[in-house]
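Q: predicted model and sequence below, questions to follow.
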Amino acid sequence: QVQLVESGGGLVQAGGSLRLSCTHSGDIFTEYRMAWYRQVPGKQREFVASVASEITPNYANFVKGRFTISRDDAKRTVHLDMDSLKPEDTGVYYCHAVRIVGLKGEYWGQGMQVTVSS
């Protein structure tokens, strides 16, 4: 069973930075596309960014130029580096894993709060 353990959320002032991390266990990490989603107050969960091994990352338009997703396959970890944070980035951020080789599988982390103060 795949498990995703997230870390790095918290409180930051507007214009600041945070790094979110998610460690994957229980299956072959390189066979998963890893992503971050978020749910901001009053809105449905939305896509933020995704990355598969040796594939160019994808980003939601609202984070391009501010957020960077990366993965370390040796450490089975995906990161989301968030810069120039805005109060509207406040929300719960979720790590997401989708198996893209062989049998399909989809998993979510528990979510963690990111709060950007103005």
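A: Nice, I can see it.

Q: check the gap between Asn61 and Ala49 for me.
A: The spacing between Asn61 and Ala49, counted by CB to CB, to the nearest Å, is 11 Å. (Each C-beta comes from the backbone N, C-alpha and C, glycine too.)

Q: the two: which is more packed in?
A: A count of neighbours by other CB atoms under 10 Å puts Ala49 above the other of Asn61 and Ala49, at 22 against 6.

Q: spatially nearest residue to the more buried one (excluding sequence neighbours)?
A: Leaving aside its sequence neighbours, Ala49 sits nearest to Ile69 (CB to CB, 6 or more residues apart in numbering; 4.0 Å).

Q: any idea what the spatially most central residue of the chain is bridged to?
A: What sits nearest the mean C-alpha location of the chain, by CA atoms, centre = their mean, is Trp36, with 2.6 Å. Counting by DSSP bridges, Trp36 is bridged to Ala49, Cys95.

Q: might you report the residue contacts of it?
A: 20, 22, 48-50, 69, 78, 80, 93-96 (CB atoms under 8 Å, 6 or more residues apart in numbering).

Q: just the buried residues out of these, in PyMOL syntax.
A: Burial among the contacts of Trp36 is assessed by 16 or more other CB atoms under 10 Å; the matching PyMOL selection reads:
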select buried, resi 20+22+48+49+50+69+78+80+93+94+95+96
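
Q: may I have whichever strand or helix holds Arg71 as CSV, with CA atoms only?
A: Using DSSP states H and E, Arg71 sits within strand 67-72. Taking only C-alpha atoms (Å, rounded to 0.1, in the frame of the first residue of the first chain), the coordinates of strand 67-72 have been written out as CSV:
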residue,chain,number,x,y,z
PHE,A,67,6.3,27.6,-7.6
THR,A,68,8.7,24.9,-8.6
ILE,A,69,8.0,21.2,-8.4
SER,A,70,10.9,18.8,-8.3
ARG,A,71,11.5,15.1,-7.4
ASP,A,72,14.4,13.2,-6.0
